[in-house]
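Colleague: Sequence first, then the predicted structure, then my questions.
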Protein chains: 2
Amino acid sequence: MYMYPRPIARLIEELSKLPGIGPKTAQRLAFYLISGSSERVHGLAHALLEAKEKIVYCSVCFNYTDDDPCRICAAESRDPSLICVVEYPRDVVAVERTREYKGRYHVLHGAISPMEGIGPAQLRIRELIQRCTDETVKEVILATDPDPEGEATALYLARLLKPSGVRVTRMAHGMPVGGDLEYVDEVTLARALEGRRELN
Amino acid sequence: MYMYPRPIARLIEELSKLPGIGPKTAQRLAFYLISGSSERVHGLAHALLEAKEKIVYCSVCFNYTDDDPCRICAAESRDPSLICVVEYPRDVVAVERTREYKGRYHVLHGAISPMEGIGPAQLRIRELIQRCTDETVKEVILATDPDPEGEATALYLARLLKPSGVRVTRMAHGMPVGGDLEYVDEVTLARALEGRRELN
């Protein structure tokens, strides 16, 4: 069996560890990188090390940032009375993309999942409750994923937050815009019917 | 519009430059790497730099190697009278995977493509001709891709090698093993019929 020269074997192995990158793709990427310019490889290696070194958690919302507090938490223009709770930093990107949301965030870094051994203590829940003791906070939008773990986490948070008197809301479930009724799963369709609104 | 912290933006940008990695996948990979252990990121960064630094061309066959001449060219067990000519180092891996081939290689690093401005001078053709002046070499198998550029390169090499008296062969074209006759393209099918062999 052909043995790659060690440095190539190692690069393929490291690339294969990335999610969604199988051995075939890893080989293709490795050969692409080796055949390319030194600048390209150094650019990628440097970006990797720099991101790992400079990115920290925002001490307020726990989103990734290179400046603490993060730009959203530091922005005067962002409504401090509104906190949108999400599971991961990537979810902040998704909500920001709507350009509709002007409040702040709280990143839990996961959802409660007994199956994976993730309990409330592994998430940034204590810090969220702490933030909500500040009377500036009027509403917490629970935007965890609409899957069993996300729903369980939302219910758990709603119960925890009740005593604080803060308004707790959950994102609406329903038909995706541009979706096709025929192809929407029955649970989503049921939720969409249940959450129906009057047209006027 | 949400702006990623600069180190994240830069990592996503670098990852997006890789073939087959779009902005969405690049974002997923970036967040995965940032959320993971320092060792993982350092492992990948180090593997990148090491591969780029230590991998050179074998001065005989021009395959990638960390030791010149490469292990195949240096192996006593590999028949020096037989040279398999391929376009890229990845093609060596593919041929080696058959475990059938016991000769040596020559890597052109591309194929003749007037469309892309790649002429014979950009490929390791001169070095191949030089190798074939050695009377140890008895046969050159042209294993360039069965596409227009690969075919043109094979024809060009066949003509160049004719005066040397070396036997020049081309890989057989035909039905892929396990393929379905109904779905094989007509050119391959025509070649398979043309190259038919007697059963006995």
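Modeller: Right, received. Where do you want to start? Numbers count the residues shown, from 1 in each chain, chains lettered A, B, ... in the order given.
Colleague: quick one, longest helix in chain A?
Modeller: The single longest helix within chain A, with elements called by DSSP state H, is helix A:38-54.
Colleague: which stretches of chain A form helices?
Modeller: For chain A, applying DSSP H gives helices covering A:6-16, A:23-35, A:38-54, A:71-74, A:89-97, A:125-132, A:148-161, A:186-194.
Colleague: TSV please, covering the ones you listed and showing mean neighbour count, distance to B:A190 and mean pLDDT.
Modeller: C-betas here are computed from N, CA, C, even on glycine. Below are these laid out as TSV (neighbours: other CB atoms under 10 Å in any protein chain shown; distance: least, CB to CB, whole Å; pLDDT from 0 to 100):
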stretch	mean neighbour count	distance to B:A190	mean pLDDT
helix A:6-16	20	37	96
helix A:23-35	18	30	94
helix A:38-54	18	42	95
helix A:71-74	17	63	96
helix A:89-97	18	50	91
helix A:125-132	17	67	96
helix A:148-161	18	56	93
helix A:186-194	12	51	80
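Colleague: picking that back up, the longest helix of chain A and chain B in contact?
Modeller: Yes - Helix A:38-54 comes into contact with chain B (CB under 8 Å from any CB of the partner chain), by way of A:38, A:40-54.
Colleague: what about A:R78, neighbour count?
Modeller: Number of residues near A:R78 (other CB atoms under 10 Å in any protein chain shown) recorded here: 15.
Colleague: Equivalent analysis for A:G179, please.
Modeller: With neighbours defined by other CB under 10 Å, the count for A:G179 comes to 13.
Colleague: mind checking pLDDT for it?
Modeller: For A:G179, the pLDDT comes out at 74.
Colleague: Tell me the spacing between it and B:A154.
Modeller: 52 Å (CB to CB, to the nearest Å).
Colleague: coming back round to it: looking at the helices of chain A, which is nearest to A:A111?
Modeller: Of all the helices of chain A, helix A:148-161 sits nearest to A:A111, with 3.9 Å by CB to CB.
Colleague: which outside residues touch the closest one?
Modeller: Residues outside helix A:148-161 that contact it (CB atoms under 8 Å, 6 or more residues apart in numbering or on different chains) are A:85, A:87, A:108, A:111-113, A:120, A:123, A:125, A:128-129, A:132, A:140, A:142, A:144, A:168, A:170.
Colleague: One more pass at 10 Å, please.
Modeller: If you take CB atoms under 10 Å, 6 or more residues apart in numbering or on different chains as the criterion, helix A:148-161 is touched by A:85-87, A:106, A:108, A:110-116, A:118-120, A:123, A:125-126, A:128-129, A:132, A:137, A:140-147, A:167-171, A:173.
Colleague: Select only the buried ones of those in ChimeraX?
Modeller: Selection of buried members from those for ChimeraX, criterion 16 or more other CB atoms under 10 Å in any protein chain shown:
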select /A:85,86,87,106,108,110,111,112,113,118,123,125,128,129,132,137,140,141,142,143,144,145,168,170
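Colleague: ok, which of the contacts of helix A:148-161 also contact chain B?
Modeller: A:G110 (CB under 10 Å from any CB of the partner chain).
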